[in-house]
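Participant: With the input below, show me the fold.
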Amino acid sequence: KEMSTGGAPPPRRRRRTVQAWPQTILKGLSSLGWILLQMAHGNPRAFALASLSILFVLHVLIHAPRTGLVMSTGTTTFLSRGATTMFNPPTTYIDKVLESKQFPKYDLSLPKADCKSVSLFDDELPDYLLDGIQVHKLSRKSELVQAVTAQQTLDADDFLSTQNDDDVTESDTERAHVMDTLYDAAAEVLSSRRLTEFVNPPKALRIQSNHEEKRQRSAILVVQKMGNWGRFGLQPLRVSSSQHEGESVASLTFTTLKGGHFDGQIAITVERTKKDTLVIQIRLGIPKKGRKLNEKVATQVVDAIAHSIQKSITTQTRQTLARKSQGKRYHSNYESRTKEKRQIRFENERKAEEMAKDRRRKWQRQNPDAGRYRPSGDRMKSPNNC
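Facilitator: Presented below is the predicted three-dimensional model:
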């Protein structure tokens with residue numbers, strides 16, 4: 001009746017609803033607690049399993065994004081081969097491990113003391129192979145028990161913009177410039193430790209080193225299916241050798257540390273050959289009495305690193321050549337535009353001079369006294385003499 005007669009609507013009860021929320025929450029929590037208490041009294045085993053499951057799920061939800069859910073931090077007898085995480089460890093967790101005070105104190109895991117400062121691959125494996133992966137068959141006299149090599153080759157002809165068969169000198173100069181750019185890119189990739197930036201899939205493998213230049217000697221290799229029960233394995237590494245022999249060979253060697261899954265070295269070599277090619281070799285070697293790595297995982301490691309380094313060198317080389325070609329193209333266009341402007345100005349001036357000469361010829365043709373006009377004697381007289 002009030003609405004029909006134009007009266008005001010009844011007041012809304014928002015304040016009472018807001019004030020009732022805490023009471024509703026308390027009633028719900030108390031009801032849940034009473035139900036759990038009844039379950040604990042009625043079936044204690046089921047209650048314990050449910051509680052443990054809930055705690056485990058909470059633990060996974062909290063620690064998986066932070067650490068990848070650490071399963072093991074080192075090697076233990078009959079329980080763990082090395083550091084392992086359930087999920088792919090995030091970059092922040094690896095950085096914390098590398099920056100910890102305990103990581104530099106890790107000892108090398110090579111079994112022989114004389115192998116800790118010498119490369120395992122000296123006079124053991126052939127220098128050049130075909131592109132691809134090769135699992136070496138080692139003799140009994142060899143100091144290695146496992147060796148796997150992956151090789152990739154980059155040809156300078158694949159980066160040449162134009163191939164001029166007529167001008168041999170210009171083609172050779174451009175090819176030499178491409179080889180210099182390729183080797184500079186390879187040396188920069190090794191020095192900046194960009195070894196696994198193009199691994200496919202990205203979560204399968206990566207080598208992460210410290211961002212600080214003083215601590216770039218330490219790194220961690222993360223490989224899927226290398227850890228315990230087929231999970232993510234973490235292998236601590238240390239740079240034992242880093243060489244740049246002139247402008248032809250650049251190498252980088254990692255030696256394993258204790259706490260990982262295998263004992264050996266990973267050697268990365270980039271060599272510039274006389275055939276205008278760049279050879280990339282990744283070698284993984286395990287010495288005698290060292291812990292071997294699964295052959296499938298070993299081939300996956302060397303193949304992924306080789307393809308990633310090849311892709312990094314190719315990408316950086318093409319970017320460098322593109323920038324230089326753009327700079328040359330800009331300068332050539334600028335010079336051509338300047339030359340064209342000078343030519344147009346010269347043509348305009350020449351046409352203006354020809355037009356002036358033509359007008360003068362026409363004027364002389366139409367005026368018979370042109371060029372012979374002299375003022376009369378009367379006009380030469382001074383007005384003072386009148």
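
Participant: Any regions of the stretch 201-350 of the chain where pLDDT drops low?
Facilitator: 211-215, 327-332 (pLDDT under 70).

Participant: For it, which segments are assigned as helices?
Facilitator: 295-366 (DSSP state H, counting those that start in this stretch).

Participant: who's in contact with T91?
Facilitator: By CB atoms under 8 Å, 6 or more residues apart in numbering, the contact list for T91 reads Q208. Bear in mind the C-beta positions are built from the backbone N, C-alpha and C, glycine included.

Participant: now it: how far from R206?
Facilitator: Remark: distance between T91 and R206 (CB to CB, to the nearest Å) = 9 Å.

Participant: cool, D155 as well?
Facilitator: For D155, the distance to R206 - CB to CB - is 28 Å.

Participant: Could you pick out the longest strand of the protein?
Facilitator: With secondary structure taken from DSSP state E, the chain has its longest strand at strand 232-245.

Participant: for it, which positions count as buried?
Facilitator: Using 16 or more other CB atoms under 10 Å as the test for burial, strand 232-245 gives 232-238, 240.

Participant: now, among those residues, which is nearest to L26?
Facilitator: Comparing the buried residues of strand 232-245 against L26 with CB to CB picks out F232 as the nearest, at 43.8 Å.

Participant: For that closest one, which non-adjacent residue is closest in space?
Facilitator: Counting by CB to CB, 6 or more residues apart in numbering, the nearest residue to F232 once its immediate chain neighbours are dropped is T85, at 4.8 Å.

Participant: check contacts around that neighbour.
Facilitator: 67-71, 227, 231-232, 234 are the contacts of T85 under CB under 8 Å, 6+ apart.

Participant: and it, what are its bridge partners?
Facilitator: Beta bridges link T85 to V70, F232, judged by DSSP bridges.

Participant: For it, report the pLDDT, please.
Facilitator: Predicted confidence (pLDDT) for T85: 93.

Participant: where do the strands sit along the chain?
Facilitator: Taking DSSP E, the strands of the chain run over residues 70-72, 83-85, 132-135, 144-155, 205-209, 218-223, 232-245, 249-256, 265-272, 277-287.

Participant: Just put these in CSV and tack on distance to A186.
Facilitator: Formatted as CSV, the strands of the chain follow (distance: least, CB to CB, whole Å):
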stretch, distance to A186
strand 70-72, 36
strand 83-85, 31
strand 132-135, 19
strand 144-155, 9
strand 205-209, 16
strand 218-223, 18
strand 232-245, 10
strand 249-256, 6
strand 265-272, 4
strand 277-287, 6
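
Participant: low-scoring stretches of the stretch 1-150 of the chain, by residue?
Facilitator: Judged by pLDDT under 70, the stretch 1-150 of the chain has its weakly predicted residues at 1-20, 77, 112-128.

Participant: nearest spatial neighbour of R217, skipping sequence neighbours?
Facilitator: V239 (4.3 Å).

Participant: hang on, isn't the one you found packed against T253?
Facilitator: Yes. V239 is in contact with T253 according to CB atoms under 8 Å; the separation is 7.0 Å.

Participant: can you count the residues close to R66?
Facilitator: 13 (other CB atoms under 10 Å).

Participant: check contacts around it.
Facilitator: Applying CB under 8 Å, 6+ apart, the residues contacting R66 are 90, 92-93.

Participant: out of D155 and R206, which sits in the busier spot?
Facilitator: More crowded of D155 and R206, by other CB under 10 Å: R206, with 22 against 15.

Participant: What sits closest to the more buried one if chain neighbours are left out?
Facilitator: Nearest residue to R206 in three dimensions, chain neighbours excluded: T196, at 4.5 Å (CB to CB, 6+ apart).
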